[in-house]
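>>> what would the 3D arrangement of this be:
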Amino acid sequence: MAASVRFEILGPLRAWREDTELDLGPGKQRAVLAVLLLNANRPTPTARIVDAVWGNEPPENGVNVVQKYVAGLRRILEPGRSPRTPGQLLTLTEAGYTLVVPPGRLDAEVFTDHVTRARTAGRTADAAGHLRAALALWRDE
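Alright, predicted model coming up:
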């Protein structure tokens, strides 16, 4: 089930289904996923993905390369999906690709939620607890 996938970007990029870490594929495919996660739940135009992943040296067939990496990500993230059926987790619209990430399934979002709760906590001890929980999500410097 797509909802069981959770993502970590506060440190090395990782994705998990239940307790199993997913093999996200080659570096550029992982970079495409990172761009989609930074724009989670919002359409990301293919041109923006190409620019973010390849910068000043985009491939001539950038749109096709992004399609290839998205297809690879769909196989990893939605392994039970038939290749001809639309994805539920990674979709394409006229506005671009959208990676649907349910609430609480992206560590950066959980981090932001803890920081927001710390700011609005009435007691210093509660605020400190939320800040400790937020900092604990980071897995690298």
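>>> contacts and neighbour counts: CA atoms only from here.
Noted.
>>> which residue of this protein sits farthest from its center?
Arg123 (33.0 Å; CA atoms, centre = their mean).
>>> mind listing the helices for the protein?
Per DSSP state H, the chain carries helices over the ranges 27-38, 46-54, 62-77, 107-120, 124-136.
>>> out of those, which is closest to Glu18?
helix 62-77 (12.1 Å; CA to CA).
>>> show the pLDDT at the nearest residue to Val110 once chain neighbours are set aside.
Excluding the flanking residues, the one nearest Val110 by CA to CA, 6 or more residues apart in numbering is Gly104, at 5.8 Å. Listed pLDDT for Gly104 reads 93.
>>> Glu141 too?
For Glu141, pLDDT reads 73.
>>> next, the contact list for it, please.
Gly11 (CA atoms under 8 Å, 6 or more residues apart in numbering).
>>> Thr112 is in contact with the residue nearest to Val110, correct?
No: Gly104 is beyond contact range of Thr112, at 10.5 Å (criterion: CA atoms under 8 Å).
>>> hang on, the earlier thing: number of nearby residues for the residue nearest to Val110?
13 (other CA atoms under 10 Å).
>>> ok, it to Thr98 distance?
To Thr98, Gly104 is 17 Å away according to CA to CA, to the nearest Å.
>>> same thing with Ala34?
Ala34 sits 12 Å away from Thr98, going by CA to CA.
>>> what of Arg119?
Distance from Arg119 to Thr98, by CA to CA: 30 Å.
>>> what do you get for Ser4?
17 Å.
>>> Asp126 now?
Taken as CA to CA, the span from Asp126 to Thr98 is 35 Å.
>>> any regions of the protein where pLDDT drops low?
1-3 (pLDDT under 70).
>>> Asp140 and Glu8 touch, don't they?
No: counting by CA under 8 Å, Asp140 stays clear of Glu8, with 11.4 Å between them.
>>> which one's more surrounded, these two?
Between Asp140 and Glu8, counted using other CA under 10 Å, the more crowded position is Glu8 (20 against 7).
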